[in-house]
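# Kindly return the folded structure for what I paste below:
(one chain, ligands or ions: 2)
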Amino acid sequence: MDIQQISERFSIAGRFVSAKPLGNGNVNETVLVSYVQESGQEARYVFQRINHNVFTKPLELMDNYVRVSRHIKNKFDQDTSGTAHRSVDVVLTKSGETCCLLENGEYWRAYKYLENTKTYEVVENADQAYEAAKTFAEFLKLIRDLSGERLHETIPDFHNTSKRIEVLEEAVKNDSYNRLKDVEQEVNFIFDRKEEAGTLLRLLAEGKLTERITHNDTKLNNVLLDVKTGCGVCVIDLDTVMPGLIHYDFGDMVRSGAASTDENESDLSKVYMKFDMYSAILHGFLKNSNGFMTPLDKELLPLSAKIITLETGVRFLTDYLIGDEYFKIRYPNENFDRARMQLKLVASMEEQFESMQNEVSKVICCE
Ligand SMILES: Nc1ncnc2c1ncn2[C@@H]1O[C@H](COP(=O)(O)OP(=O)(O)O)[C@@H](O)[C@H]1O
Ligand SMILES: [Mg+2]
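Ligands and ions are numbered 1, 2, ... in the order given. Presented below is the predicted three-dimensional model:
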């Protein structure tokens with residue numbers, strides 16, 4: 001795709017100079033585009049092709065994107081402390097649209113590149129985990145008072161854990177690829193935890209938990225950190241921002257940031273939850289959480305980590321059983337390996353569960 005041609009559709013001052021791929025995102029195609037302005041100064045923008053196979057309603061997605069990012073930007077613009085959370089700054093097309101639809105069916109959007117920031121693919125140390133968790137929590141706090149209509153669900157039932165298990169049950173029943181014989185142990189592990197897995201949804205239905213606006217993709221590479229100080233600057237990748245439970249955001253940070261191995265590790269003896277990373281994420285997430293989180297919200301954080309890790313295992317195992325339809329695989333049993341890895345992580349969390357809960361009590365005591 002000719003980026004220069006796309007650039008002409010957006011309302012950006014200056015002259016197009018160059019474009020190069022940016023980051024390692026595996027959902028959208030991301031390009032860094034340089035312009036030179038009349039003053040001679042360089043200005044850089046991020047162009048992104050929205051993956052409309054995953055996000056089937058790009059205009060609804062962009063509606064969420066713009067509402068949420070503008071809400072945070074308004075707060076940033078009004079802040080005088082110099083420490084406020086920054087926001088993705090969406091650039092509209094020349095005709096005032098949030099994204100452009102090309103003749104070939106691709107949707108592209110643009111926003112300002114935040115200079116002097118960096119993302120990390122893998123958490124390197126507890127400080128980064130703490131910063132990322134603190135920044136995600138700030139983001140959640142900033143958007144809680146967004147007014148107007150409920151945001152669109154860009155992926156319906158994204159964290160409906162019980163429904164995800166029902167889909168697995170269906171896949172088990174059909175066993176279309178004759179793979180059930182290899183995975184019975186894993187299936188039983190999941191079914192034994194079925195009731196517990198529905199806890200968050202049950203509490204939500206009973207009115208004991210509150211629906212909020214949540215991010216739903218809380219990996220470290222979705223937080224821009226300051227290159228010099230390492231401090232969290234901005235949460236990006238707002239494709240999955242929608243109504244949900246903050247517990248899943250916290251849980252997914254632990255699942256992705258506190259695991260000892262890659263997601264497809266086949267040697268399960270290497271897989272465990274790193275307690276120091278869990279603790280850093282917990283402390284970051286709970287910083288200044290009073291007034292935002294109830295005692296029950298906090299108490300449920302360890303369980304949330306376990307539930308979303310189980311849910312992720314369910315999704316990988318389901319995909320394995322239905323013939324690898326959703327997740328890309330690089331070798332035949334990769335989805336099975338991924339499922340086993342997640343389930344081993346669940347087992348590791350169960351072993352450390354009391355300590356995980358004690359850590360929450362410690363943070364609450366110090367407040
Ligand atoms: N506004 C921005 N400023 C600086 N870097 C950015 C910005 N937006 C995205 N990036 C970089 O591009 C990568 C991919 O962007 P992201 O929106 O997360 O796409 P994906 O949905 O594919 O993960 C990020 O991990 C980050 O490194
Ligand atoms: Mg991303």
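# For residue 48, grab the count of nearby residues.
Counted with other Cβ atoms under 10 Å, residues neighbouring residue 48 total 21. All C-beta spots, glycine's among them, are computed from the backbone N, C-alpha and C.
# tell me which element it is part of?
For residue 48, the element it lies in under DSSP states H and E is strand 42-50.
# Could you list the buried residues of stretch 7-15?
7, 9, 10, 12, 14 (16 or more other Cβ atoms under 10 Å).
# Show me which of these is closest to residue 204.
residue 10 (39.7 Å; Cβ to Cβ).
# residue contacts, the closest one?
By Cβ atoms under 8 Å, 6 or more residues apart in numbering, the contact list for residue 10 reads 45, 91, 92, 93, 94, 100, 110.
# Tell me, how many residues neighbour the nearest residue to residue 259 once chain neighbours are set aside?
Spatial nearest neighbour of residue 259, chain neighbours left out: residue 345 (5.7 Å); criterion: Cβ to Cβ, 6 or more residues apart in numbering. Using other Cβ under 10 Å, residue 345 has 28 neighbouring residues.
# Provide a list of residues in contact with residue 345.
With Cβ under 8 Å, 6+ apart, residue 345 has these contacts: 255, 259, 271, 272, 273, 309, 313.
# which of the residues in the strand or helix carrying it are buried?
Here residue 345, judged by DSSP H and E, is contained in helix 334-351. Residues 334-346, 348-349 are the ones in helix 334-351 that count as buried (16+ other Cβ under 10 Å).
# can you check stretch 31-46 too?
For stretch 31-46, by 16+ other Cβ under 10 Å, it's 31, 32, 33, 34, 35, 43, 45, 46.
# In the stretch 201-350 of the chain, what residue comes closest to ligand 1?
Nearest residue of the stretch 201-350 of the chain to ligand 1, counting by Cβ to the nearest ligand atom: residue 237, 3.5 Å away.
# SS state for residue 16?
Classification of residue 16 into helix, strand or coil gives strand, according to DSSP: H, G, I helix; E, B strand; the rest coil.
# again with residue 32
strand.
# Spit out the contact partners of it.
19, 20, 21, 22, 44, 45, 46, 47, 113.
# Could you dump the residues you listed into CSV with distance to ligand 2 and pLDDT added?
Shown next, in CSV, are the contacts of residue 32 (distance: Cβ to the ion, whole Å; pLDDT from 0 to 100):
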residue, distance to ligand 2, pLDDT
19, 19, 95
20, 18, 94
21, 14, 92
22, 11, 92
44, 18, 97
45, 17, 97
46, 11, 97
47, 15, 96
113, 15, 96
